[in-house]
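> Sequence plus predicted model, see below.
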Amino acid sequence: MEAVESHVRAFFEGHSVEVVVCDLGPERREVLPDLRVLVVGPGPRSDSWAYVTAGCWAAMEKDGHGLEFVMTAHARDQQFIDLMAMIMYYHCGGHQLDLEHSMPIGEPWVPGSSCDHLLISLPYLHGPDLEHCPLPGGHARILWTFPVTAAEIEFRRHQGHEALEQRFDEAEIIPTDPFRASVV
């Protein structure tokens, strides 16, 4: 976890980085004993907030390789920390998320938003320098958890991931806008 934190701090140099320890209770603590979310404030790289997991890799690595997740949002809010903790538990608790996977959130990303699912994608807002996190004895890949609508997930099921991403590009969405219109 220290190596993930160091990587995130180096990437977001000039930004504030707060380490938030999350305790999901005794049963979930067995799955994720050291659950942390790194909360990155706006700064020179981005005017948005970033929430980065630190603990998935340690819980799930295979042959030194594993995943962590990043979410980018318009504000600092405890609900985003809680959502990242939920993503970690979902991933490490048996569902094993990966690139191009999705998951329902169970409620709107923020109240009034039509985004109620997450799409696991490349971290386009931050690029490969954040995505590729070297660690002692391996590496973590940091993937983006991008809030999307149920209609967008349904479109992706039928048309494919690339077709959905093309729709995002064509619509020139602002990915941190919780009230953005669905692209389908």
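Received, thanks.

> Following element in sequence after the longest helix anywhere in the chain, please.
Looking across the chain with DSSP state H, the single longest helix is helix 78-90. Later in the chain than helix 78-90, the nearest helix or strand by DSSP states H and E is strand 102-104.

> Which elements pack onto the longest strand that the chain contains?
If you go by DSSP state E, the chain has its longest strand at strand 138-149. Strand 138-149 is packed against strand 65-73, strand 115-121, helix 128-131, strand 132-135, with contacts defined by 3 or more C-beta pairs under 8 Å, 6 or more residues apart in numbering; DSSP states H and E. Glycine gets a C-beta too; all of them are placed from N, C-alpha and C.

> Could I get the ones you listed in a markdown table, plus columns for mean pLDDT, distance to residue 20 and mean neighbour count?
Below are the helices and strands packed on strand 138-149 laid out as a markdown table (pLDDT from 0 to 100; distance: least, C-beta to C-beta, whole Å; neighbours: other C-beta atoms under 10 Å):
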| stretch | mean pLDDT | distance to residue 20 | mean neighbour count |
| --- | --- | --- | --- |
| strand 65-73 | 96 | 13 | 22 |
| strand 115-121 | 97 | 19 | 21 |
| helix 128-131 | 97 | 19 | 16 |
| strand 132-135 | 94 | 19 | 17 |
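
> Identify whichever of the ones you listed lies nearest to residue 163.
strand 115-121 (12.8 Å; C-beta to C-beta).

> Which secondary structure elements does the closest one sit against?
By 3+ C-beta pairs under 8 Å, 6+ apart, strand 115-121 packs against strand 102-104, strand 138-149, helix 150-159.

> Most tightly packed of the ones you listed?
strand 138-149 (a mean of 23; mean count of other C-beta atoms under 10 Å).

> Name every strand pairing with that strand and say which way it goes.
Partners of strand 138-149 in the sheet, by DSSP bridges, are strand 65-73 (parallel), strand 115-121 (antiparallel), strand 132-135 (antiparallel).
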